[in-house]
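Enquirer: Predicted model follows, preceded by the sequence.
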Amino acid sequence: MAAAPAHPARCAGGGPVTANIELIAVVSGAACVAGLVLAIVALVGTTRPTGPAPGAGPGGGLSRLWQGSGTPRQRRNHQLLLGGAVLAGALAFLLTGLPVVGLLVAVAVPGAPWLFSVGRAEQRAIARIEAVGEWTRRLKDVSSTGQGLQQAILGTLATAPAEIEEEVRLLAARLQAGWLAKSALLAFADEIGDPVCDQVVAALILHLSDRGERLGDVLGSIAGAAAAEVATRREIEAKRTQPRFAVRFLTGMTLLTIAYGLVNTDYVRPYGTPVGQLVMLVLGAAFVGLLAWVRSMSQPPRPARFLPAPDPAEAIG
């Protein structure tokens, strides 16, 4: 009888088994990172929502988180960003073997644009206020020719500023579709979302009830107030340059540190133990919280509006 071999034979399928284990590890890491990213984005968010999308149902939180908000292009970019965050986090976990590194990389994918874009929303708001002032002056000029309010609004379509062109066209379309003028104007103010536009809409709604002859004077004064508001906000915006530069600088340094840790695994090797991972998680969370805090300090408070949202039941007369 042949003697048993001194060493067990190496399994011929060892290669595929090892590959399967690595694949399972990658998929598990991606699933963990995806869950953590979704939880963090649900708490923090990557964009500032302006309200529920038209026709949006009461779907679950995960569905709304995945779909995002805004225009179809913004929702598509939001979904691509979340998918890229999961893939980047899984790749970082595969390269380093550290789940917290994968989490930090996954958070950095949507977080970096959010931090680098600090001030962009306020600049857009200022541009829209300026556009509202220009549109108000054009509405004053058209209404001074003796046309009715609805015809005057339709007459401003061709010269509406680009920043609010979509909202003006939607206002005109609602008026032509038979909406009550008050409801259409309230919807217009709700879409612009600024108290300067509320002043314009309030004057137009009052004109609907009393049919006064001084609408042009009121619109002219509101347009002048809008120009003064734009100048004031731009001056304040210039004073926020320094803290916003600090946000961008800290964000850039953080991204470089993470990139160096991915290239040089010896840099993050001391964090390979469970205690090291806990320390890295605490430090990373504290640093992300610090960046978010500095960013919030550089943002102006949202101006309070005084007009209510339109009632859909009263839209059609």
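Expert: Happy to help now that I have it.
Enquirer: so what pLDDT did Pro5 get?
Expert: Pro5 is assigned 46 on the pLDDT scale.
Enquirer: cool, the one 4 residues further on as well?
Expert: Turning to Ala9, the model gives it a pLDDT of 42.
Enquirer: cool, and the one 4 residues further on?
Expert: The model reports Gly13 with a pLDDT of 45.
Enquirer: Check Gln74 too.
Expert: For Gln74, the predicted pLDDT is 70.
Enquirer: Check the gap between it and Leu87 for me.
Expert: Distance of Gln74 to Leu87, computed by CB to CB, to the nearest Å: 21 Å. Quick note: C-beta positions are derived from backbone N, CA and C, even for glycine.
Enquirer: ok, these two, which is more surrounded?
Expert: Comparing Gln74 with Leu87 by other CB atoms under 10 Å, the one with more neighbours is Leu87, at 16 against 12.
Enquirer: now the more buried one: how far from Leu255?
Expert: As judged by CB to CB, Leu87 and Leu255 stand 17 Å apart.
Enquirer: From what I see, Ala261 and Thr96 are in contact.
Expert: That one is not Ala; residue 261 is Gly. Yes. Gly261 sits in contact with Thr96 when judged by CB atoms under 8 Å, with a separation of 7.1 Å.
Enquirer: Quickly list what's touching both of these two.
Expert: Contact criterion CB atoms under 8 Å, 6 or more residues apart in numbering; residues shared by Gly261 and Thr96: Val268.
Enquirer: Would you verify that Thr159 is located in a helix?
Expert: No. Thr159 is assigned coil when assessed by DSSP: H, G, I helix; E, B strand; the rest coil, not a helix.
Enquirer: quick one, what contacts the residue lying closest to Leu215 once chain neighbours are set aside?
Expert: Once flanking residues are discounted, Leu215 sits nearest to His207: 4.8 Å by CB to CB, 6 or more residues apart in numbering. Counting by CB under 8 Å, 6+ apart, His207 makes contact with Leu149, Leu215, Val218.
Enquirer: Relative to Gln299, how far out is His207?
Expert: Counting by CB to CB, the gap from His207 to Gln299 is 35 Å.
Enquirer: and if you look at Glu191?
Expert: According to CB to CB, Glu191 stands 21 Å off from Gln299.
Enquirer: can you check Val100 too?
Expert: According to CB to CB, Val100 and Gln299 sit 29 Å apart.
Enquirer: go on, Val263?
Expert: According to CB to CB, Val263 stands 34 Å off from Gln299.
Enquirer: Test my guess that Ala226 contacts Asp198.
Expert: No. Applying CB under 8 Å as the test, Ala226 and Asp198 come out as separate, 11.4 Å apart.
Enquirer: Show me which of these two is the more surrounded one.
Expert: Taking other CB under 10 Å, Ala226 and Asp198 do not tie; Ala226 has more neighbours (24 against 20).
Enquirer: residues in contact with the nearest residue to the more buried one once chain neighbours are set aside?
Expert: With sequence-adjacent residues excluded and distances taken as CB to CB, 6+ apart, Ala226 is closest to Gly133, at 3.3 Å. Shown in contact with Gly133 (CB under 8 Å, 6+ apart): Val196, Ile222, Ala223, Ala226, Ala227, Val230.
Enquirer: who's in contact with the third one?
Expert: With CB under 8 Å, 6+ apart as the criterion, the residues that contact Ala223 are Gly133, Glu134, Thr136, Arg137, Lys140.
Enquirer: which of the residues you listed has the most neighbours?
Expert: Thr136 (26 neighbours).
Enquirer: just how off-centre is the helix or strand hosting that one within its chain?
Expert: Using DSSP states H and E, the element containing Thr136 is helix 120-143. Chain-centre distance of helix 120-143: 22 Å, with CA atoms, centre = their mean, to the nearest Å.
Enquirer: Sweet, I'm off.
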